[in-house]
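Trainee: model this:
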Amino acid sequence: MDMTKKDMEPIVKNYYLALEEGKIFGRKCTDCGHIEFPPYLCCNECGCLDTEWVELNDMRGYITQVLPTVGAFGDPDFRKQHGDYWAIGIRIDGMDHFCSSLIHIDPERYDEFDKRIDREQVWVKPVIIQDEDVKVVVWELEDDADPFKKIPDPSTLMLVGAPDESGEPAEESKAAAADIDPSTDPIAQSVLECAADAYGVDISTLTMATDIREDLSNESMKMIVMISEIEDELDVTIEIQEASLLNTLADFVLKVKEKM
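Mentor: Next comes the predicted model:
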């Protein structure tokens, strides 16, 4: 029997409906007992198509690997809404290894945490959060007293896509964009050319006020290509972590001048 999109739709729909009610479900094989999470139509262990729903709110797993999500590799909107996070691999007995996000962490202690998971099993538990228009499952450290756990201050977070109080770009970026004229500034012109090439757009559509994420693309590789071209063209080095704090092309111009 071949799986089709029609077969999968009820699985996906019921999974997200359950999340809205605060319940996490997977699919358990009635033959070998293997659990699929996120839920699949069939068993990845034995191939059996006879699976049933099983509630997983109480599941616990340990971290197999951890990766930082700074700069171009992160999701700025997710970070604004939920705070800093890392990408992790999770192992749970009786289930396939899978990847997810670890929230409520101290981003400054990544190196320490990476060494810790090599020494010991660090356990995590699932958390249901609201992300844009759907609820999703992410993870946090099981021990609330864990020294690596850091709950963000709600006042520092914001709704996805929410503007600042004025509803306009930050004043600093606006001022920078207004003060830089690419027609008389060769560095600004070079940055425009690198951005146009990396993002595949006509340079005439770009200005110093262009926001690379909102006006162009949030694809990490395009941003990396742009940074690489700027570095080659202008003989500077811009770290990914630094680039994650830059929004407009004017911000990149100022960063290049700072480096030079």
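
Trainee: ok, and the closest non-adjacent residue to the residue nearest the centre of the chain?
Mentor: Geometric centre of the chain, nearest residue: D75, 3.4 Å, by Cα atoms, centre = their mean. With sequence-adjacent residues excluded and distances taken as Cβ to Cβ, 6 or more residues apart in numbering, D75 is closest to T69, at 7.2 Å. In short, each C-beta sits where N, CA and C put it, glycine included.

Trainee: tell me who's in contact with that neighbour.
Mentor: T69 makes contact with D75, R79, D84, Y85, W86, A87, S101, according to Cβ atoms under 8 Å, 6 or more residues apart in numbering.

Trainee: confirm the last one sits in a helix?
Mentor: This points to S101. No. Counting by DSSP: H, G, I helix; E, B strand; the rest coil, S101 is not found in a helix; it is strand.

Trainee: that one bridge partners, please.
Mentor: Counting by DSSP bridges, S101 forms beta bridges with A87.

Trainee: about what we covered before: in ChimeraX, select just the buried ones from the contacts of T69.
Mentor: A single ChimeraX command selects the buried members of these (16 or more other Cβ atoms under 10 Å):
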select :75,79,84,85,86,101
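
Trainee: relative to V256, which of the contacts of T69 is nearest.
Mentor: The shortest approach to V256 among these belongs to R79, at 24.6 Å (Cβ to Cβ).

Trainee: check contacts around that closest one.
Mentor: T69, Y85.

Trainee: quick check: pLDDT value at S101.
Mentor: At S101, the pLDDT value in this model is 94.

Trainee: roughly how far apart are it and R79?
Mentor: Per Cβ to Cβ, to the nearest Å, S101 is found 10 Å from R79.

Trainee: what sits in contact with each of these two?
Mentor: By Cβ under 8 Å, 6+ apart, S101 and R79 have these common neighbours: T69, Y85.

Trainee: hang on, the earlier thing: check the gap between the residue nearest to D75 and P76 for me.
Mentor: For T69, the distance to P76 - Cβ to Cβ - is 10 Å.

Trainee: kindly report the same for S190.
Mentor: With Cβ to Cβ as the criterion, S190 and P76 are 25 Å apart.

Trainee: also W123?
Mentor: Taking Cβ to Cβ, one finds W123 at 29 Å from P76.

Trainee: so what's the residue of the chain positioned farthest from its centre up against?
Mentor: For the chain, the largest distance from the centre (Cα atoms, centre = their mean) belongs to T184, which lies 37.6 Å off. Listed by Cβ under 8 Å, 6+ apart, T184 has no contact partners.

Trainee: so it lies in a helix, does it not?
Mentor: No. Per three-state DSSP, T184 lies outside any helix segment and is coil.

Trainee: need the phi and psi values for it.
Mentor: phi -120, psi 0 (degrees, to the nearest 10).

Trainee: let the chain start at 241 from now.
Mentor: Okay, residue one is now 241; in that scheme the one you just asked about reads as T424.

Trainee: that one and Q321, how far apart?
Mentor: 40 Å.

Trainee: likewise for G262?
Mentor: Taken as Cβ to Cβ, the span from G262 to Q321 is 19 Å.

Trainee: more neighbours: those two, which one.
Mentor: Q321 (18 against 9; other Cβ atoms under 10 Å).

Trainee: and the more buried one, how far is that from Q370?
Mentor: Taking Cβ to Cβ, one finds Q321 at 8 Å from Q370.

Trainee: same check, this time on I343
Mentor: I343 is 13 Å from Q370, where distance means Cβ to Cβ.

Trainee: nearest residue to D442 in space, please, no chain neighbours.
Mentor: Nearest residue to D442 in three dimensions, chain neighbours excluded: A436, at 6.7 Å (Cβ to Cβ, 6+ apart).

Trainee: can you report how many residues neighbour the one you found?
Mentor: 19.

Trainee: helix or strand: which one has it?
Mentor: Element membership for A436, per DSSP states H and E: helix 426-439.

Trainee: so where's the stretch 391-500 of the chain shaky on pLDDT?
Mentor: Along the stretch 391-500 of the chain, segments meeting pLDDT under 70 span 395-418, 458-460, 480-481.

Trainee: having no further points to raise, I will conclude here.
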